[in-house]
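# Output the structure for:
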Amino acid sequence: MIYLDNAATSRFKPLKVKIAAIKEINRSANPGRSSHKASIRAAEKIEECRAEIQDKFFAGNVVFTKNCTEALNLAIFGSQPEKQVIATSMEHNSVLRPLKKLADNGRIKFTVITPDEKGDFSDSLATALRRPTSLAVFTAMSNVTGRSCDVKKYADMVKSASDALVLADMAQGAGHLKIDFSSIDMCAFAGHKSLHGLQGTGFLLAKPEIKLKPLIYGGTGTSSLSLEQPQDFPEGMESGTLNTVGIAALTEGIRWTYKNFGRINSKIKKLTEYLYRQLKNIDTLKIHSAENGIVLCNFSNITCSEAADILDADYGICVRSGLHCAPLAHRTIGTLPYGAIRFGIGWDNTFSEMDKVAAAMEEISHKRP
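Numbers count the residues shown, from 1 in each chain. Predicted coordinates:
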């Protein structure tokens with residue numbers, strides 16, 4: 001099997017990630033709910049990950065979630081925007097659907113900004129900021145194209161024109177990009193992608209001054225006598241039992257990723273460019289983008305979903321086709337209504353695998369007239 005769906009979930013997990021997960025499975029204690037040593041030790045593992053996140057990104061409040069989608073929902077619903085909310089046309093449905101819900105309920109005016117021919121949002125953002133704005137959301141790296149977004153530049157524009165909060169979607173960008181967070185208020189992360197952690201992990205990182213309303217209500221281990229949900233960080237935002245196994249593993253994933261950041265991204269860049277050079281010679285194939293480990297393409301004579309099925313069934317190559325939960329992004333790049341084939345390259349992929357992929361794509365291109 002050749003796994004090229006790393007943009008959805010990275011296949012490679014460092015050894016220390018696996019060991020950390022196994023250790024926590026064998027220990028199995030509920031963090032922060034009891035006073036016995038096992039519970040305290042589990043809580044310490046949670047706090048160890050918080051400290052690692054603050055060290056690698058910025059010193060703020062860390063709220064653990066089950067994925068980046070939940071983190072984005074907490075940031076959007078929890079910040080309770082009331083004016084205009086701005087989002088780019090490259091956002092994931094984890095951003096678009098919560099904002100659509102708020103707009104449908106009459107809570108906000110939802111404005112989607114589109115890029116110019118060079119992929120820049122400056123003009124459309126400047127126009128949108130003429131209206132009172134309470135929140136702006138930018139994906140740091142598109143899960144569809146792999147293209148990075150100058151979040152710092154756009155965040156500075158927002159701050160100079162309004163008192164709006166800025167939220168960055170780091171689901172794809174974490175582990176690939178170095179970001180200046182100085183003008184960004186909140187960031188949502190996935191643990192299972194390029195941070196090389198396990199599925200079921202994510203987190204929201206918010207500047208200390210940011211106030212949020214909880215998304216989920218329930219047991220927090222604090223203020224148990226009160227039926228009112230605590231509003232403090234992090235306990236008030238983390239109702240229920242945390243994924244100690246996944247969080248302990250995420251600590252090691254973050255450490256490994258940033259210790260090897262240069263090597264990881266240098267290799268992925270070389271593999272991306274190599275696959276692009278191989279595929280560009282296929283006459284019936286159009287390549288839409290090839291950046292940051294993502295190669296997006298379409299055949300002119302076969303649908304993306306059919307091509308993906310053939311890659312899987314006949315060649316053992318795992319890719320993702322379709323709209324990638326980002327329909328406006330596909331509208332922006334002109335790949336509606338079906339979407340495209342996405343190759344997601346990871347640390348453990350090889351040049352030999354890229355050769356096999358290119359050969360398979362060449363064969364597939366001749367399967368239809």
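
# Could I get the full set of helices for the stretch 201-350 of the chain?
Here the stretch 201-350 of the chain has its helices, by DSSP state H, counting those that start in this stretch, at 244-259, 261-279, 304-315, 327-333.

# Tell me which of those helices sits nearest to residue 86.
Each of the helices of the stretch 201-350 of the chain was scored for nearness to residue 86 using CB to CB, and the closest is helix 327-333 (13.2 Å). Where you see a C-beta, it was placed from the backbone N, CA and C, and this is true even at glycine.

# What is the closest one packed up against?
If contacts are counted by 3 or more CB pairs under 8 Å, 6 or more residues apart in numbering; DSSP states H and E, helix 327-333 sits against helix 93-104.

# Show me where the stretch 1-150 of the chain has its strands.
Ranges of strands in the stretch 1-150 of the chain, per DSSP state E, counting those that start in this stretch, are 2-3, 61-65, 84-88, 109-113, 133-139.

# cool, the stretch 151-300 of the chain as well?
165-169, 186-190, 202-206, 285-291, 294-299.

# relative orientation of the longest one and helix 261-279 in degrees?
Angle between the axes of strand 285-291 and helix 261-279 is 170 degrees (criterion: axes from the mean of the first three to the mean of the last three CA atoms, to 10 degrees).

# mind checking the end-to-end distance for stretch 116-123?
End-to-end distance of stretch 116-123 (CA to CA, to the nearest Å): 8 Å.

# buried sites along it?
residue 121 (16 or more other CB atoms under 10 Å).

# can you check stretch 302-311 too?
Quick answer for stretch 302-311 (16+ other CB under 10 Å): 302, 303, 304, 307, 308, 310, 311.

# what about residue 171, neighbour count?
Neighbour count for residue 171, taken as other CB atoms under 10 Å: 29.

# now do residue 208
Neighbour count for residue 208, taken as other CB under 10 Å: 9.

# Any figure for the gap between it and residue 186?
Residue 208 is 11 Å from residue 186, where distance means CB to CB, to the nearest Å.

# do residue 93 as well
According to CB to CB, residue 93 and residue 186 sit 18 Å apart.

# before we move on, what about residue 74?
Applying CB to CB, the value for residue 74 to residue 186 is 9 Å.

# which residues do the two both contact?
residue 204 (CB atoms under 8 Å, 6 or more residues apart in numbering).

# low-scoring pLDDT stretches of the protein, where are they?
For the chain, applying pLDDT under 70 flags the ranges 368-369.

# who are the neighbours in contact with the residue lying closest to residue 100 once chain neighbours are set aside?
Excluding its sequence neighbours, the residue lying closest to residue 100 (CB to CB, 6 or more residues apart in numbering) is residue 110, at 6.5 Å. The contact partners of residue 110, taken as CB under 8 Å, 6+ apart, are 84, 85, 87, 99, 100, 102, 103.

# out of those, who's nearest residue 137?
Using CB to CB, the contacts of residue 110 come closest to residue 137 at residue 87, 4.4 Å.

# What degree of burial does the nearest residue to the closest one once chain neighbours are set aside show, as a neighbour count?
Once flanking residues are discounted, residue 87 sits nearest to residue 137: 4.4 Å by CB to CB, 6+ apart. Using other CB under 10 Å, residue 137 is surrounded by 25 other residues.

# Likewise for residue 51?
13.

# What separation is there between it and residue 221?
Distance of residue 51 to residue 221, computed by CB to CB: 19 Å.
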